[in-house]
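> this one's sequence-less:
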(Lines give C-alpha, C1' and ligand atoms only; values in the text may rest on other atoms or scores of the structure.)
Protein backbone atom coordinates (compact mmCIF):
# COMPACT_ATOMS: atom_id res chain seq x y z
CA UNK A 1 0.00 0.00 0.00
CA UNK A 2 2.85 2.35 0.89
CA UNK A 3 4.56 1.63 -2.46
CA UNK A 4 1.32 2.36 -4.30
CA UNK A 5 1.06 5.77 -2.64
CA UNK A 6 4.68 6.58 -3.51
CA UNK A 7 4.12 5.61 -7.14
CA UNK A 8 0.99 7.77 -7.29
CA UNK A 9 2.84 10.80 -5.89
CA UNK A 10 5.77 10.33 -8.29
CA UNK A 11 3.43 9.99 -11.28
CA UNK A 12 1.59 13.12 -10.21
CA UNK A 13 4.82 15.07 -9.98
CA UNK A 14 6.03 13.81 -13.35
CA UNK A 15 2.75 14.70 -14.98
CA UNK A 16 2.87 18.19 -13.51
CA UNK A 17 6.43 18.73 -14.75
CA UNK A 18 5.76 17.41 -18.23
CA UNK A 19 2.81 19.62 -19.12
CA UNK A 20 3.59 22.47 -21.44
CA UNK A 21 1.50 25.54 -22.00
CA UNK A 22 -0.11 25.51 -25.41
CA UNK A 23 -0.60 28.51 -27.62
CA UNK A 24 -4.06 29.93 -28.14
CA UNK A 25 -5.87 28.85 -31.30
CA UNK A 26 -5.21 32.27 -32.82
CA UNK A 27 -1.47 32.08 -32.09
CA UNK A 28 -1.30 28.55 -33.51
CA UNK A 29 -3.14 29.61 -36.65
CA UNK A 30 -0.71 32.50 -37.09
CA UNK A 31 2.21 30.05 -36.69
CA UNK A 32 0.73 27.72 -39.35
CA UNK A 33 0.15 30.63 -41.73
CA UNK A 34 3.72 31.87 -41.19
CA UNK A 35 5.01 28.35 -41.86
CA UNK A 36 3.07 28.18 -45.13
CA UNK A 37 4.54 31.53 -46.20
CA UNK A 38 8.10 30.76 -45.04
CA UNK A 39 8.15 27.35 -46.72
CA UNK A 40 6.46 28.85 -49.79
CA UNK A 41 3.96 26.03 -49.87
CA UNK A 42 1.90 26.15 -53.04
CA UNK A 43 -1.80 25.60 -52.68
CA UNK A 44 -3.62 23.27 -54.99
CA UNK A 45 -7.28 23.39 -55.94
CA UNK A 46 -7.89 19.67 -55.77
CA UNK A 47 -6.68 16.29 -54.61
CA UNK A 48 -7.51 14.27 -57.71
CA UNK A 49 -7.47 10.72 -56.39
CA UNK A 50 -8.78 11.32 -52.91
CA UNK A 51 -8.93 8.26 -50.68
CA UNK A 52 -9.21 9.29 -47.07
CA UNK A 53 -6.77 7.42 -44.85
CA UNK A 54 -6.44 9.49 -41.68
CA UNK A 55 -6.41 12.94 -40.14
CA UNK A 56 -5.20 15.05 -37.26
CA UNK A 57 -6.60 18.41 -36.18
CA UNK A 58 -4.11 21.19 -35.53
CA UNK A 59 -6.66 23.85 -34.57
CA UNK A 60 -10.22 24.77 -35.51
CA UNK A 61 -8.91 26.12 -38.82
CA UNK A 62 -6.17 23.68 -39.84
CA UNK A 63 -5.80 19.92 -40.09
CA UNK A 64 -3.54 17.38 -41.71
CA UNK A 65 -5.15 14.64 -43.77
CA UNK A 66 -3.63 11.52 -45.28
CA UNK A 67 -4.64 9.83 -48.48
CA UNK A 68 -2.01 7.12 -48.07
CA UNK A 69 0.92 6.55 -45.73
CA UNK A 70 3.09 8.74 -47.96
CA UNK A 71 0.65 11.41 -49.14
CA UNK A 72 -0.21 14.09 -46.60
CA UNK A 73 -1.93 17.44 -46.97
CA UNK A 74 -2.26 20.52 -44.81
CA UNK A 75 -5.85 21.73 -45.12
CA UNK A 76 -7.03 25.22 -44.19
CA UNK A 77 -10.69 25.81 -43.43
CA UNK A 78 -12.44 28.95 -44.64
CA UNK A 79 -13.33 30.59 -41.34
CA UNK A 80 -13.89 28.80 -38.08
CA UNK A 81 -14.82 25.12 -37.86
CA UNK A 82 -16.45 24.53 -34.46
CA UNK A 83 -15.14 21.57 -32.44
CA UNK A 84 -12.67 20.47 -35.13
CA UNK A 85 -9.79 20.63 -32.68
CA UNK A 86 -11.57 18.23 -30.29
CA UNK A 87 -13.45 16.03 -32.77
CA UNK A 88 -13.11 12.27 -32.68
CA UNK A 89 -14.36 11.84 -36.25
CA UNK A 90 -14.93 13.98 -39.32
CA UNK A 91 -16.87 13.56 -42.54
CA UNK A 92 -16.07 14.90 -46.00
CA UNK A 93 -18.82 16.45 -48.10
CA UNK A 94 -17.55 16.06 -51.66
CA UNK A 95 -19.01 17.61 -54.80
CA UNK A 96 -17.41 14.84 -56.89
CA UNK A 97 -16.53 11.40 -55.61
CA UNK A 98 -12.87 10.52 -55.86
CA UNK A 99 -11.59 14.08 -55.47
CA UNK A 100 -11.45 16.79 -52.82
CA UNK A 101 -11.73 20.41 -53.97
CA UNK A 102 -11.24 23.79 -52.38
CA UNK A 103 -14.24 26.15 -52.26
CA UNK A 104 -16.71 23.38 -53.19
CA UNK A 105 -16.08 20.62 -50.66
CA UNK A 106 -16.35 20.78 -46.91
CA UNK A 107 -15.73 18.93 -43.68
CA UNK A 108 -18.37 18.18 -41.07
CA UNK A 109 -17.82 17.51 -37.40
CA UNK A 110 -20.48 15.27 -35.81
CA UNK A 111 -20.19 17.23 -32.55
CA UNK A 112 -21.44 20.32 -34.47
CA UNK A 113 -24.36 19.04 -36.55
CA UNK A 114 -25.49 21.29 -39.35
CA UNK A 115 -22.22 23.17 -39.76
CA UNK A 116 -20.11 22.55 -42.83
CA UNK A 117 -16.53 23.79 -42.83
CA UNK A 118 -15.61 24.85 -46.36
CA UNK A 119 -12.11 23.89 -47.48
CA UNK A 120 -10.17 27.09 -48.28
CA UNK A 121 -6.71 25.74 -49.15
CA UNK A 122 -4.93 22.43 -49.65
CA UNK A 123 -1.13 22.14 -49.43
CA UNK A 124 0.75 18.93 -50.18
CA UNK A 125 3.34 18.38 -47.44
CA UNK A 126 6.14 15.91 -46.85
CA UNK A 127 6.53 13.73 -43.78
CA UNK A 128 9.27 16.06 -42.54
CA UNK A 129 7.02 19.09 -42.98
CA UNK A 130 4.24 17.35 -41.04
CA UNK A 131 6.70 16.84 -38.17
CA UNK A 132 7.77 20.49 -38.32
CA UNK A 133 4.15 21.69 -38.37
CA UNK A 134 3.27 19.44 -35.44
CA UNK A 135 5.77 21.13 -33.12
CA UNK A 136 5.14 24.74 -34.16
CA UNK A 137 3.16 25.62 -31.04
CA UNK A 138 5.89 24.18 -28.81
CA UNK A 139 8.62 26.10 -30.65
CA UNK A 140 6.65 29.35 -30.46
CA UNK A 141 6.08 28.83 -26.73
CA UNK A 142 9.81 28.32 -26.15
CA UNK A 143 10.60 31.46 -28.18
CA UNK A 144 8.09 33.51 -26.17
CA UNK A 145 9.60 32.29 -22.91
CA UNK A 146 13.12 33.32 -24.00
CA UNK A 147 11.86 36.75 -25.09
CA UNK A 148 10.51 37.48 -21.58
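Cool, got the structure. On a predicted model such as this, the values are computed, not experimentally measured, just so you know. Numbering: from 1, shown residues only.
> can you map out the strands along this structure?
Secondary structure of the chain by DSSP state E: the strands cover 43-44, 46-47, 54-57, 62-66, 72-77, 91-93, 100-101, 106-108, 116-125.
> could I get those as TSV with mean neighbour count?
For every residue, glycine as well, the C-beta is placed using N, CA and C. Formatted as TSV, those follow (neighbours: other C-beta atoms under 10 Å):
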stretch	mean neighbour count
strand 43-44	14
strand 46-47	18
strand 54-57	15
strand 62-66	21
strand 72-77	21
strand 91-93	14
strand 100-101	22
strand 106-108	20
strand 116-125	19
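> between the ones you listed, which gets nearest to residue 25?
Each of the strands of the chain has some distance to residue 25 by C-beta to C-beta; the shortest is strand 62-66, at 9.6 Å.
> who does the closest one touch, helix- and strand-wise?
Packing contacts for strand 62-66, counted by 3 or more C-beta pairs under 8 Å, 6 or more residues apart in numbering; DSSP states H and E, involve helix 25-38, strand 54-57, strand 72-77.
> With mean pLDDT added, can I get the ones you listed in CSV?
What follows is the helices and strands packed on strand 62-66, written out as CSV (pLDDT from 0 to 100):
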stretch, mean pLDDT
helix 25-38, 92
strand 54-57, 94
strand 72-77, 97
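> Any chance of those in a markdown table with distance to residue 106 as columns?
Below are those laid out as a markdown table (distance: least, C-beta to C-beta, whole Å):
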| stretch | distance to residue 106 |
| --- | --- |
| helix 25-38 | 18 |
| strand 54-57 | 14 |
| strand 72-77 | 9 |
